[in-house]
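Visitor: Structure for the following, please:
(4 chains)
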Protein chains: 4
Amino acid sequence: METSKRTEIIELAIRARERAYVPYSNFSVGAAVLTAEGEIFTGCNIENLSYPAGLCAERTAIFSAVAAGHRKFQGIAVSGGMKGEAAKDFCMPCGMCLQVMSEFCEPSFPVLIVKNEQEVQEYQLRDLLPHMFDSLDKG
Amino acid sequence: METSKRTEIIELAIRARERAYVPYSNFSVGAAVLTAEGEIFTGCNIENLSYPAGLCAERTAIFSAVAAGHRKFQGIAVSGGMKGEAAKDFCMPCGMCLQVMSEFCEPSFPVLIVKNEQEVQEYQLRDLLPHMFDSLDKG
Amino acid sequence: METSKRTEIIELAIRARERAYVPYSNFSVGAAVLTAEGEIFTGCNIENLSYPAGLCAERTAIFSAVAAGHRKFQGIAVSGGMKGEAAKDFCMPCGMCLQVMSEFCEPSFPVLIVKNEQEVQEYQLRDLLPHMFDSLDKG
Amino acid sequence: METSKRTEIIELAIRARERAYVPYSNFSVGAAVLTAEGEIFTGCNIENLSYPAGLCAERTAIFSAVAAGHRKFQGIAVSGGMKGEAAKDFCMPCGMCLQVMSEFCEPSFPVLIVKNEQEVQEYQLRDLLPHMFDSLDKG
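Guide: Okay, the predicted model is just below:
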């Protein structure tokens, strides 16, 4: 991932938090994913009165990119905290989002956890989901 | 909904089927939602090896629009059938997609079910989900 | 559905609310489903810090029954309200739960919405999800 | 976990595969979870025509136990393979199931992946989901 693109997804993940639809938790998350082709798609968490019908920020970003025809990704940035406040902590992706990443991304896929523009933790997908459910037995 | 916009979301829902990621079902669905502001967002179904981690076309379209800042919608068009073939039937939204529509849309929200450009069934959300789970008791 | 069984699932749905795991919404729902064989399975809503990973009461009850080998059902009762309080309203199933019912139940499947033992609304599945997503085009 | 209980959940996970409802994938998974109180609950995967509305075996087992009043668990066993055949591989839990485990279980929670009664891999939850999404920032 180019440094300028890395910086861009970090900034866009922070800004995407503003669009979160979180009337139930008041916890806003933003994400920005960089496609293999160099395009960036952003996402936010979008809740539902029936909580299980909502979607997390990471998946909103990835699904938007897939709907636009992308299938490969260079990296994703994620940032979360109480709505209207700066993030106070590093917000890790939930297991459902890791599961969706595992469908499209390599184990070395970079996942940037963003507290602010200066404080960023970098993981690889394999650090977060080391033993993926896979299809060996299905083939 | 203006006639030209209605025609446009019907055509875009059909075309969005081409981007469906459906290695497990081979059943491709496309959707196109028109926002209150007149913008159109498209979506396709996106499957996952762990089936419950996938997303339907209607929700992909709506969540993409919400992530772009939209909260109100004029209508949605949906079309589905075996991948690579013209739709042979009218593909109704599943209950999960209706649940997500109910969060953002009025009971009169138009849902267009598209077999092809000439054969379109028009429903209102209230026809498909007449008794919505709502929050009266939560307030 | 026999009258005694009908009364029993109504009472069990109310009682199942006590087992709800709802640290995030404080809204507890209980359900009780009667299998074709006459057995009753109860469920409650079970939330998750990542809201979309939770499960509603109706599906908890149905999935428990399916895991025990049942595939056909005579009826379901549902009751919901603020935790620790009597239900103040009729709590309708969300679209996701209706979708799961549609997999196993006939359109005439009875869905009892329970405010208390005296106030019960009775619907059929077809009243709540009149146009089910189905598989005609998949065959 | 006592050895006899360990053996029992391994055997029950294998047997629970027989109850899987998998008309769409033909891939059956079974699970058995041991509660802190020493009771065992089994689960299987239960699919839906709308794939995202289904549930995995691990969550079926855990949610059944929670609906019965349990909140703490000693361990879970999981086994999966093509329906009607012995498992040919070790079937790992998907990210959604790990997310649900993280709500109720300690990082040291034992997860047994069962090929057959002789071939069992043992993990801790922390090996599978090392950096859980948590609520530090929500408090």
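Visitor: quick one: is the longest helix seen in chain A near chain D?
Guide: In terms of residue count, the longest helix belonging to chain A (DSSP state H) is helix A:3-16. No. Helix A:3-16 stays clear of chain D (C-beta under 8 Å from any C-beta of the partner chain), getting no nearer than 14.3 Å. (Each C-beta comes from the backbone N, C-alpha and C, glycine too.)
Visitor: need the next SSE after that helix, C-terminal direction.
Guide: strand A:27-35 (DSSP states H and E).
Visitor: residue ranges for the helices of chain A, please.
Guide: A:3-16, A:57-67, A:95-104, A:125-128.
Visitor: Check those helices for me and report the most buried one.
Guide: helix A:57-67 (a mean of 28; mean count of other C-beta atoms under 10 Å in any protein chain shown).
Visitor: tell me the mean pLDDT over it?
Guide: What helix A:57-67 shows for mean pLDDT is 98.
Visitor: can you tell me if that helix touches chain D.
Guide: No. Remark: helix A:57-67 sits outside contact range of chain D, by C-beta under 8 Å from any C-beta, the gap being at least 10.4 Å.
Visitor: my guess is A:Ala86 contacts A:Asn116, does it?
Guide: Yes. The pair A:Ala86 / A:Asn116 is scored as a contact, 6.4 Å apart, by C-beta atoms under 8 Å.
Visitor: List the contacts of A:Ser28.
Guide: When contacts are counted by C-beta atoms under 8 Å, 6 or more residues apart in numbering or on different chains, A:Ser28 is found next to A:17-18, A:20, A:22, A:44-45, A:80-84.
Visitor: same thing but 6 Å
Guide: Residues near A:Ser28 by C-beta atoms under 6 Å, 6 or more residues apart in numbering or on different chains: A:17, A:20, A:22, A:83.
Visitor: Spell out which parts of chain A neighbour chain D.
Guide: Residues of chain A found near chain D (C-beta under 6 Å from any C-beta of the partner chain) are A:27, A:81, A:88-89, A:92, A:94-96, A:98-99, A:128-129, A:131, A:133, A:136-138.
Visitor: if we can go back for a sec, of the helices of chain A, which approaches C:His70 most closely?
Guide: For C:His70, the closest of the helices of chain A is helix A:95-104, at 27.6 Å, according to C-beta to C-beta.
Visitor: what helices or strands is that closest one leaning on?
Guide: Packing contacts for helix A:95-104, counted by 3 or more C-beta pairs under 6 Å, 6 or more residues apart in numbering or on different chains; DSSP states H and E, involve helix A:57-67, helix D:95-104.
Visitor: Could you say which one of those comes nearest to B:Leu112?
Guide: Of these, nearest to B:Leu112 by C-beta to C-beta is helix A:57-67, at 18.4 Å.
Visitor: Show me what that closest one is packed against.
Guide: Checking 3+ C-beta pairs under 6 Å, 6+ apart, helix A:57-67 ends up next to strand A:27-35, strand A:40-44, helix A:95-104, helix B:57-67.
Visitor: Identify all contacting residues around it.
Guide: A:29-31, A:33, A:35, A:41-45, A:78, A:93, A:97, A:100, B:21, B:43-44, B:46, B:55, B:60, B:63-64, B:67.
Visitor: That helix to helix A:95-104, inter-axis angle?
Guide: 30 degrees (axes from the mean of the first three to the mean of the last three C-alpha atoms, to 10 degrees).
Visitor: nearest residue to A:Arg17 other than its sequence neighbours?
Guide: Excluding the flanking residues, the one nearest A:Arg17 by C-beta to C-beta, 6 or more residues apart in numbering or on different chains is A:Gly30, at 3.7 Å.
Visitor: on that earlier part again, buried members of the contacts of helix A:57-67 into ChimeraX, please.
Guide: Entered in ChimeraX, the line below selects the buried ones among the contacts of helix A:57-67, by 16 or more other C-beta atoms under 10 Å in any protein chain shown:
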select /A:29,30,31,33,35,41,42,43,44,45,78,93,97,100 /B:21,43,44,46,55,60,63,64,67
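Visitor: if we can go back for a sec, mark which of the residues of chain A next to chain D are buried, thanks.
Guide: A:27, A:81, A:89, A:92, A:94-96, A:98-99, A:128-129, A:131, A:133, A:137-138.
Visitor: can you redo the helices of chain A as JSON lines with distance to D:Ser4?
Guide: Shown next, in JSON lines, are these (distance: least, C-beta to C-beta, whole Å):
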{"stretch": "helix A:3-16", "distance to D:Ser4": "49"}
{"stretch": "helix A:57-67", "distance to D:Ser4": "41"}
{"stretch": "helix A:95-104", "distance to D:Ser4": "31"}
{"stretch": "helix A:125-128", "distance to D:Ser4": "35"}
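Visitor: B:Gln121 is nearest to which of the ones you listed?
Guide: helix A:57-67 (23.5 Å).
Visitor: Low-confidence stretches in chain A?
Guide: A:135-139 (pLDDT under 70).
Visitor: how about the residues of it near chain C?
Guide: Within reach of chain C by C-beta under 6 Å from any C-beta, chain A has these residues: A:50-54, A:94, A:96.
Visitor: Next step: the residues you listed restricted to strands.
Guide: Using DSSP state E, no member of those sits in strands.
Visitor: Out of those, which two sit at the greatest distance?
Guide: A:Ser50 and A:Cys94 (17.5 Å).
Visitor: of the buried ones among the residues of chain A next to chain D, closest to B:Ile9?
Guide: A:Met96 (29.1 Å).
Visitor: Run the chain-centre distance for stretch A:4-11.
Guide: 13 Å (C-alpha atoms, centre = their mean, to the nearest Å).
Visitor: wait, I meant stretch A:95-111
Guide: Put simply, stretch A:95-111 sits 9 Å off its chain's centre (C-alpha atoms, centre = their mean).
Visitor: do the same with stretch A:40-52
Guide: Put simply, stretch A:40-52 sits 11 Å off its chain's centre (C-alpha atoms, centre = their mean).
Visitor: ends of it, how far apart?
Guide: Taking C-alpha to C-alpha, to the nearest Å, the first and last residues of stretch A:40-52 lie 27 Å apart.
Visitor: Could you find the residue nearest the spatial middle of chain A?
Guide: The residue lying closest to the centre of chain A (C-alpha atoms, centre = their mean) is A:Glu58, at 2.9 Å.
Visitor: For it, which non-adjacent residue is spatially closest?
Guide: Nearest to A:Glu58 is A:Cys97, by C-beta to C-beta, 6+ apart, at 3.9 Å.
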